[in-house]
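Trainee: the sequence isn't on hand, but the structure is:
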Ligand SMILES: Cc1cc2nc3c(=O)[nH]c(=O)nc-3n(C[C@H](O)[C@H](O)[C@H](O)COP(=O)(O)O)c2cc1C
Ligand code: SF4
């Protein structure tokens, strides 16, 4: 028999075995069949679940292999660089000469110049100062998940010094600066990290000048502060590449125009050679100036300290020292206060903004908006100005009493009828519209009745664009001058005064009186604060900014009537104690206060008309005996003329106080015998209030008309046998100076003041006269016929373009 194809054996044992196997196989078969049935059962029951599981498993396996493949492909890519001194090695596949490759090649060429860094490395072990060849380490950084408030507690500033150098001068200075920064900042290690240095020729610009470097400090929020030290070359150097990079980055449409705005701040110092490139116009420090401008754009106006410039053949050491001190102060300020503070509109703009126009200074009797020959432009600018001129708040009628709001505080009549004594009020309460209007205009109100503001000339001088006429006439640099008043109240409502309608007025002091110390401290604080706001403005020079942090002169004018303040003598004495000279302007309406006034460096009275009728129309005085008051003031001035320098200020307004008035003015000069007569053209404010007062552009005299008037006045004085002459001019301010021949010595005008001599005389306790503090001769460029613009400054038009002065 065949069992599964095999023949059956004849033996019994084999037969039993085969039979047994057959039984077993049969039993197995039955079992298998039931097993398959069981599986099928299960499959039907769980097939959806099993299919889903299979799909998921397949996906997981696929992703695993794909990731591995991907990582292998990416490995040779350039890794993110650390903010240390070194280059990024490029992968082999990057055959094209990129910026980084070119820079790496330069590194090889310059490798023999590495010694200085070794010294630095010894001094600052945590500073990496040698370019490090070899592959770049990829370091991970922990993501800070703490809330922002908690993180700011660990905020630290990382100063980075960048330099560029061809012949080594800047390199040596940069290393010295690093050393000095280390010393100056070591006590502030909780907020400022150890400074690091980078040669611009070695770094990859993409690491520092596209976005700020990423911080590797765990648990700390690090902000970078860039200090750039740069020479200038009019030949091709690495700086051209750097400049091109800054420009490209700014213009790259794919990235933000200010991608470096995450920096804590930056500042640039330039080295140049004045022997070959004597002025900025001729290229002095041209590349540093350019870099400074691009950095302002890229950082979104984060200029923390003004651009410093030094001449390698003369003052670079000194200038660099000043810049360094200023930068350190700014840096610590940022570390302590968390930011650059208040910014100034216009900083960093491509075309330098001329915000000066909006807030030119006013002094009693003067409106300093000079460029009278551009009415249309001025009007347009004012229309667009975000800051309302105070005059705009006034009414439309010609009568001052009809000004709509806010109402002047005039106690002249109410005080006469009042029977119950009232506690004195604040002259300018914080909640008053006057306070709001003055603050909006840029005044800092001190206490209850004083104010301080920086004038357009201070800003102009900080930018090397010229000082006011007081520099040409008396040697006052505008960036050293503080303009303030201890009394915002006045007893006139002059038609050309741009703040009438909002200012408090009164014939006597009826307000609460603030102590002089408080006003003095408040004025200085307010002034310095406003100067500091200028540190980021394009064009502000570090050395001038530094100088401006010490006030040397005080113009007690601004708005209001300073002599009105009951403690004016104490206030002036405080100025003098700090060697701040004093120019006090009064409106010739307070003879009693004038008589008791002690020494000031220069004492002014505004003479706005030559006769009573004309004065009434132009000054609209509150006092009924205004003319007698003026005449009494002139008597007092005549008596004071041998104790201090006395000045008449004439503000000429066409149609009001010019025609047929020359003889009258000459008579007043004969009465007061002032040391000087300043003749100035009024400037049109171009607003509703001036128009309401009857003023239009037609009332603004041209400079030619001023000079003609001055010549006629001079002749009238001569006819009266008065010894005067035309000494100086400042055409830019429409201003001419007539001086007494007491100041004409050895055939030269000496209108400049010797300020140190003035303080010496004052401190001697002896009597002295104006001749005792007469300074050197008036500079040739300031004398009559020469225009009066300091040739060391750059005259620019409203767009910041150089302007050529036209002489008569
Ligand atoms: C070829 C050459 C061109 C220069 N061009 C200018 C220039 O355009 N403006 C400038 O202010 N100084 C210029 N300088 C002066 C250098 O900026 C100055 O000497 C500077 O200190 C050099 O710095 P460094 O030694 O770090 O390279 C030039 C100097 C040289 C040798
Ligand atoms: S004197 Fe001083 S405050 Fe007056 S305009 Fe000149 S700089 Fe400005």
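Mentor: Yep, that arrived. Just so it is clear, the model here is predicted, and its values are computed rather than measured. Ligands and ions are numbered 1, 2, ... in the order given.

Trainee: contacts and neighbour counts: CA atoms only from here.
Mentor: Fine.

Trainee: check what pLDDT residue 575 gets.
Mentor: Residue 575 is assigned 98 on the pLDDT scale.

Trainee: could you check how far it is from residue 520?
Mentor: Between residue 575 and residue 520 the computed distance is 8 Å (C-alpha to C-alpha, to the nearest Å).

Trainee: find the closest residue to ligand 2 in the stretch 451-600 of the chain.
Mentor: Taking C-alpha to the nearest ligand atom as the measure, the point where the stretch 451-600 of the chain comes nearest ligand 2 is residue 478, at 3.8 Å.

Trainee: now for that residue: which residues touch it?
Mentor: Shown here is residue 478, whose contacts under the criterion C-alpha atoms under 8 Å, 6 or more residues apart in numbering are 457, 458, 461, 467, 468, 470, 471.

Trainee: residue 321: which element?
Mentor: Counting by DSSP states H and E, the element that carries residue 321 is helix 316-337.

Trainee: same check on residue 225?
Mentor: Assignment of secondary structure by DSSP H and E places residue 225 within strand 221-231.

Trainee: sheet partners, orientation included, of that strand?
Mentor: Sheet partners assigned to strand 221-231 using DSSP bridges are listed as strand 155-163 (parallel), strand 265-272 (parallel).

Trainee: buried only: go through the contacts of residue 478 for me.
Mentor: The neighbour-count test (16 or more other C-alpha atoms under 10 Å) marks 457, 458, 461, 467, 468, 471 as buried among these.

Trainee: and residue 314, helix, strand or coil?
Mentor: Using DSSP: H, G, I helix; E, B strand; the rest coil, the structure places residue 314 in coil.

Trainee: still on that earlier bit, the strand holding residue 225 near ligand 1 at all?
Mentor: Yes: counting by C-alpha under 6 Å from any ligand atom, contacts between strand 221-231 and ligand 1 involve residue 231.

Trainee: which residues sit against the next helix or strand after that strand?
Mentor: Toward the C-terminus, strand 221-231 is succeeded by helix 238-251 as the next helix or strand (DSSP H and E). Contacts made with helix 238-251 from outside it, assessed by C-alpha under 8 Å, 6+ apart, are listed as 164, 200-201, 205, 209-210, 255-259, 287, 290-291, 294-295, 297-298.

Trainee: who is residue 484 paired with across the strands?
Mentor: Taking DSSP bridges, one finds residue 452, residue 556 as the beta-bridge partners of residue 484.

Trainee: contacting residues for it?
Mentor: Residue 484 sits next to 450, 451, 452, 453, 523, 554, 555, 556, 557, 558 when contact means C-alpha under 8 Å, 6+ apart.

Trainee: let's see 7 Å
Mentor: Contacts for residue 484 were tallied using C-alpha atoms under 7 Å, 6 or more residues apart in numbering; they are 451, 452, 453, 523, 555, 556, 557, 558.

Trainee: now the last one: how far from residue 636?
Mentor: As for residue 558, its distance to residue 636 is 23 Å (criterion: C-alpha to C-alpha).

Trainee: do the same with the third one
Mentor: For residue 453, the distance to residue 636 equals 30 Å [C-alpha to C-alpha].

Trainee: more neighbours, these two?
Mentor: In terms of neighbours (other C-alpha atoms under 10 Å), residue 453 is the more surrounded of residue 453 and residue 636; the figures are 25 against 17.

Trainee: just to revisit the earlier point, for the helix holding residue 321, buried residues please.
Mentor: 316, 319-320, 322-328, 330-332, 334-335.

Trainee: equivalent analysis for stretch 255-264, please.
Mentor: The neighbour-count check on stretch 255-264 (16+ other C-alpha under 10 Å) flags 257, 258, 259, 260, 261, 262, 263, 264 as buried.

Trainee: and the residues you listed as CSV, adding secondary structure and distance to residue 223?
Mentor: Written out in CSV, the entries for the buried residues of stretch 255-264 read as follows (DSSP: H, G, I helix; E, B strand; the rest coil; distance: C-alpha to C-alpha, whole Å):
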residue, secondary structure, distance to residue 223
257, coil, 19
258, coil, 16
259, coil, 14
260, coil, 11
261, coil, 11
262, coil, 7
263, coil, 6
264, coil, 6
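
Trainee: ok, so of those residues, who is nearest ligand 2?
Mentor: After measuring the buried residues of stretch 255-264 against ligand 2 - C-alpha to the nearest ligand atom - the closest member comes out as residue 264, at 32.1 Å.

Trainee: hang on, isn't that closest one packed against residue 221?
Mentor: No: taking C-alpha atoms under 7 Å as the definition, residue 264 is not a contact partner of residue 221, at 11.4 Å.

Trainee: just the strands paired with strand 221-231: most buried one?
Mentor: Greatest average neighbour count among those goes to strand 265-272 (a mean of 27), per mean count of other C-alpha atoms under 10 Å.

Trainee: so which of the strands paired with strand 221-231 gets nearest ligand 1?
Mentor: The stretch from those with the least distance to ligand 1 (C-alpha to the nearest ligand atom) is strand 265-272; that distance is 3.2 Å.

Trainee: run through this structure and note the low-pLDDT ranges.
Mentor: Using pLDDT under 70 as the threshold, the predicted model of the chain has low-confidence ranges 1-37, 60-154, 216-220, 253, 339-422, 498-503, 684-694, 794-808.

Trainee: residues contacting the residue nearest to residue 645 when sequence neighbours are not counted?
Mentor: If the residues on either side of it in the chain are set aside, residue 645 comes closest to residue 602, at 4.8 Å by C-alpha to C-alpha, 6 or more residues apart in numbering. Residue 602 sits next to 582, 583, 584, 644, 645, 646 when contact means C-alpha under 7 Å, 6+ apart.
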